[in-house]
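>>> Here's my sequence, what's the structure:
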Amino acid sequence: MSRLIPFASTTSLRLGGAFAIAAAAVALVAWSLTPPPPSTQFDPPSKSLPIGKRDVQIVAVQMTWKPEDFSSESAYRTRVDGLIQQGLKQAHRNTPILFVFPEDIGAPLFFLNHLDDAKKARTLTEATAALGKRHMAEVFLRSWFGLVSYPRAIALTRAAKVGKTYVDTFSSLSRKHAVFIVAGSAPMPDFPIAADGSSITYAPESNQVYNVSYFFGPDGRIIGRQHKVNLIPLEQEDGLDLSPGKLEDLRVFDTEFGSIGIAIC
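Model (predicted):
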């Protein structure tokens, strides 16, 4: 059965198509001018002790935070450093120390350097929308050509900034204080890590975004990372649209004091 399309509707479709093409062209130009992704180079690994079952001291960090803690890279690092120093006052340096930070400690980093967006918003949805407008061209491009949702496009757009701040913070502080750190978690895609562990480059390996936790050694190097498997409704398709990890990808990481597994719940 054929159907007549009114002239006004046809014109609207043409205008809409022209706008989409123009927006895509602008977005492509903007993306072409984007500098290469940043990376982090790690110091050579320290001489590790044999894997075994030594004693370990565990410092579980539960924190309250203010928006200002995520206003800049230095503010974030200062806040995390203060928490580590507070924990070290109660620890003994003659045995390994493992700090465990809470889930989503890196999530507010999406608003890094855009703190006003978060402060003015009444809801997370409003704050996310404001952030998307700030990066409209790249968000549009990722959503349109990557065939991903708007929330995921925002996460991918901010991935390099979030990832570098998160990794640099916990890597430098684990090395500074010579401690092991399970660095809570943050919504991020996977980034390529050099085979010898010497560097990480903040270019997403795919369009998948996970609630992911990184594990750092006392030399500042990444021991491993783990994806959250069972997502809550806020993290699922109708919310942040994160990707669940796979049970078969769960790992344990060998250390001088035993094997460590990471559960995010």
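
>>> pLDDT below threshold where in the stretch 101-250 of the chain?
For the stretch 101-250 of the chain, no stretch has pLDDT under 70.

>>> the strands in it, which residues?
Taking DSSP state E, counting those that start in this stretch as the test, the strands found in the stretch 101-250 of the chain are 180-182, 186-188, 199-201, 210-216, 222-227.

>>> I'd like the ones you listed as CSV, with mean neighbour count appended.
In short, each C-beta sits where N, CA and C put it, glycine included. Putting the strands of the stretch 101-250 of the chain into CSV (neighbours: other Cβ atoms under 10 Å) gives the following:
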stretch, mean neighbour count
strand 180-182, 26
strand 186-188, 26
strand 199-201, 18
strand 210-216, 25
strand 222-227, 21
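
>>> Relative to Val100, which of those strands is closest?
Among those, the nearest to Val100 by Cβ to Cβ is strand 180-182 (4.6 Å).

>>> Mind listing the strands that closest one pairs with, and their directions?
If you go by DSSP bridges, strand 180-182 pairs up with strand 97-100 (parallel), strand 210-216 (antiparallel).

>>> Mind checking these for the one nearest to Thr40?
Among the strands paired with strand 180-182, the nearest to Thr40 by Cβ to Cβ is strand 210-216 (11.4 Å).

>>> That closest one to strand 222-227, inter-axis angle?
Interaxial angle, strand 210-216 versus strand 222-227 (axes from the mean of the first three to the mean of the last three Cα atoms, to 10 degrees): 160 degrees.

>>> Dump strand 210-216 to CSV, restricted to CA.
C-alpha atoms of strand 210-216 as CSV (Å, rounded to 0.1, in the frame of the first residue of the first chain):
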residue,chain,number,x,y,z
TYR,A,210,33.0,-1.1,31.9
ASN,A,211,32.9,-0.5,35.6
VAL,A,212,36.5,-1.4,35.9
SER,A,213,39.0,-1.6,38.8
TYR,A,214,42.8,-1.4,38.5
PHE,A,215,45.3,-3.0,40.8
PHE,A,216,48.7,-1.3,41.2
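
>>> circling back: any chance of the strands paired with strand 180-182 in a markdown table with distance to Lys66 as columns?
Shown next, in a markdown table, are the strands paired with strand 180-182 (distance: least, Cβ to Cβ, whole Å):
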| stretch | distance to Lys66 |
| --- | --- |
| strand 97-100 | 21 |
| strand 210-216 | 22 |
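
>>> Gly87: which of the ones you listed is closest?
The minimum distance between Gly87 and the strands paired with strand 180-182 falls on strand 97-100, with 6.3 Å, by Cβ to Cβ.
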